[in-house]
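Chemist: My questions are about this predicted structure, shown below with the sequence.
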Amino acid sequence: MVDYTEPLPAVNTRRLRVAQGLVLLFHITGFVGLAFADDPSFYLRFTPLTLLLTAGLLFSFQPGRGAAFWSFCIVAALLGFTAEVIGVHLSWFFGHYRYGDTLGYKVFDVPLAIGLNWLVLTYSCGILARYIPLPELPRTILAALLMLGLDMCMEPVASTYDFWHWTANVIPFQNFRDWFILACILQMLFNRANFTKANPLVPLVYLTQLLFFFLLGALQ
């Protein structure tokens, strides 16, 4: 396995600032709409588009988007999506839950956006964990905990905005346990994929999403 730690190529500062501004615009607009609008449904309809645009901006700053990078993206998205399909239909993973309509078009009762969400989270948290010089196992655990932390901020608002719904409105411990296990598996996959693990947009994307859901939950 190659552990890429070489410096990033020079980044166009103006391009980075524009991307950061767009990420902030997407999330601030969504937050204000969901938190304070009389009818948040108008803003909810843009949720899949916001995730897609954020992912596009994020990956545009990935150096050397070659076969190894895109192979990782496909496998991570498919693995996350497959786990959700099994979870929804068999309750083997996460617990008893179903998806609402906010996250968009579904296949096997799971929104396609969920696969992209698992990919973005794995990629972002995997890169964030590399800001601290750690051996692979502690780095994997740290990245998985970062992923779990975002899920814990999302859960309190998920049913309110029709993302997903738990049976009897009870979030089971199984959800967090299985989230962490799957996150560890995805992070091991990330660590072994041979592409440059650095992206200057990642810290803002993760922090913005974390604050977005945390503040929504705090206002409930």
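Modeler: It's in. Just so we're clear, the structure is a prediction, and the values are computed from it rather than from any experiment. Numbering: from 1, shown residues only.
Chemist: residues of the helix or strand of the chain with the lowest mean pLDDT that come out buried?
Modeler: Lowest on mean pLDDT, DSSP states H and E among the helices and strands of the chain sits helix 41-44, with a mean of 90. Buried residues in helix 41-44, defined by neighbour count with 16 or more other C-beta atoms under 10 Å: 43-44. Backbone N, C-alpha and C define where each C-beta goes, glycine included.
Chemist: Export only the CA atoms of that helix, formatted as CSV.
Modeler: Presented in CSV, the C-alpha positions along helix 41-44 are these (Å, rounded to 0.1, in the frame of the first residue of the first chain):
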residue,chain,number,x,y,z
SER,A,41,-40.9,22.1,2.0
PHE,A,42,-39.6,24.5,-0.6
TYR,A,43,-36.1,24.2,0.8
LEU,A,44,-36.3,20.5,1.4
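Chemist: wait, is Leu189 part of a helix?
Modeler: Yes: under DSSP: H, G, I helix; E, B strand; the rest coil, Leu189 sits within a helix.
Chemist: quick one, what contacts it?
Modeler: 72, 75-76, 79, 122 (C-beta atoms under 8 Å, 6 or more residues apart in numbering).
Chemist: Just the buried ones from the residues you listed?
Modeler: Using 16+ other C-beta under 10 Å, the buried ones in those are 72, 76, 79, 122.
Chemist: May I see the residues you listed arranged in CSV, with distance to Gly33 as well?
Modeler: Shown next, in CSV, are these (distance: C-beta to C-beta, whole Å):
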residue, distance to Gly33
Phe72, 33
Ala76, 30
Leu79, 32
Thr122, 28
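Chemist: For Ile127, see how far away Phe59 is.
Modeler: 12 Å (C-beta to C-beta, to the nearest Å).
Chemist: List the residues that are in contact with both of those two.
Modeler: Joint contacts of Phe59 and Ile127 (C-beta under 8 Å, 6+ apart) do not exist.
Chemist: the more surrounded of those two?
Modeler: Comparing Phe59 with Ile127 by other C-beta atoms under 10 Å, the one with more neighbours is Ile127, at 23 against 17.
Chemist: Count the neighbours of Pro203 for me.
Modeler: 14.
Chemist: Am I right that it is in contact with Ala129?
Modeler: No: the pair Pro203 and Ala129 fails to qualify as a contact (C-beta atoms under 8 Å) at a distance of 11.8 Å.
Chemist: which residue lies farthest from the center of the protein?
Modeler: Within the chain, the residue lying farthest from the chain centre (C-alpha atoms, centre = their mean) is Asp38, at 27.6 Å.
Chemist: and that one, helix, strand or coil?
Modeler: Going by three-state DSSP: Asp38 is coil.
Chemist: quick one: contacts for it?
Modeler: Contacts of Asp38 (C-beta under 8 Å, 6+ apart): none.
Chemist: Now do the buried residues in the helix or strand harbouring Ile181.
Modeler: Take DSSP states H and E as the rule and Ile181 turns out to sit in helix 173-192. For helix 173-192, the neighbour count (16+ other C-beta under 10 Å) marks 175-176, 178-180, 182-188, 190-191 as buried.
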